[in-house]
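A.B. asks: Dropping a prediction and its sequence here:
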Amino acid sequence: MALSAKATQEFVPIKEVREGTIVLKDGGLRAILAVSSVNLALKSGEEQIATINQFQSFLNSIDFPIQIVVQSRRLDIRPYLLTLEGKMKEQREPLLKLQTAGYISFVREFTEQVAIMRKYFYVIIPYEEAAISTKKGVLGSIFGNKESAQAKRNTENISFEEKRTQLDERVSVIASGLGSCGARSERLQTEEVIELFYKTFNPGDIQPAIKLGEALTQ
């Protein structure tokens, strides 16, 4: 019996990405925070213990689940090389131009031989809609309590806004807790979320890194 081909979207539980919020097929919402790293090795022993204790207190203070994701991606060196090439064209000193060209050649050859990896840190914050019991009544039981398409869309919009408000509150709690540990965080917007999932499902493609992630790691 031949197996029918299925689109990749059928295996992904995401319905849409709306206003920076991931809407799942089951109605749940997700928000993603890009988080900077904290270099404990550069801290004193007391500072390391204080940071670890603060992070432990932060985890113990939240009353909902979160997911911490660490991704290693190959560093895209192309924007850096383009910048160097632009600087080389602006130089008037022949020796400096020659040295810059040699450096560009060295960097290009080195990165082709050695995979330079970079780590990105994310926190996924969920919100699940609580089960709500509905009463149809007598007429609703007889006629199925059908809603018009417009009424259904209005209900979905209201539900989304209500759930997003709850999710936004959770995002604020997590961002504040991470800040107390010395980690900066920023919520991914729609284009950044889509780019993140594209890179997750296509790890072999080298695309320009997420601008927000770049800013947080500088």
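C.D. replies: Arrived safely.

A.B. asks: what lines up beside the longest strand along the chain in the sheet?
C.D. replies: The strand spanning the most residues in the chain, taking DSSP state E as the definition, is strand 117-127. Its sheet considered, strand 117-127 pairs with strand 29-35 (antiparallel), strand 67-74 (antiparallel) by DSSP bridges.

A.B. asks: Thr111: which of these is closest?
C.D. replies: Nearest to Thr111 among these is strand 67-74 (8.9 Å), distances taken as CB to CB. Placement of C-beta: from N, CA and C, glycine included.

A.B. asks: Please parse this protein into its domains.
C.D. replies: 10-72+119-216, 76-115 (automatic domain parsing).

A.B. asks: Okay, and the beta partners of the residue nearest to the spatial centre of the chain?
C.D. replies: Geometric centre of the chain, nearest residue: Ile32, 4.5 Å, by CA atoms, centre = their mean. Ile32 has these beta-bridge partners by DSSP bridges: Ile124.

A.B. asks: Just the pLDDT for it.
C.D. replies: Ile32 carries a pLDDT value of 95.

A.B. asks: Which of the residues in stretch 115-131 are classified as buried?
C.D. replies: Judged by neighbour count using 16 or more other CB atoms under 10 Å, the buried positions of stretch 115-131 are 120-123, 125-127.

A.B. asks: what do you get for stretch 186-205?
C.D. replies: Judged by neighbour count using 16+ other CB under 10 Å, the buried positions of stretch 186-205 are 186-188, 192-193, 195-196, 199.

A.B. asks: Just the residues you listed: which are in helices?
C.D. replies: 192-193, 195-196, 199 (DSSP state H).

A.B. asks: Of these, just say which sits nearest to Gly28.
C.D. replies: Of all these, Val193 has the smallest distance to Gly28: 14.9 Å, by CB to CB.

A.B. asks: For that closest one, give me its contacts.
C.D. replies: Contacts for Val193 were tallied using CB atoms under 8 Å, 6 or more residues apart in numbering; they are 17, 20, 22, 32.
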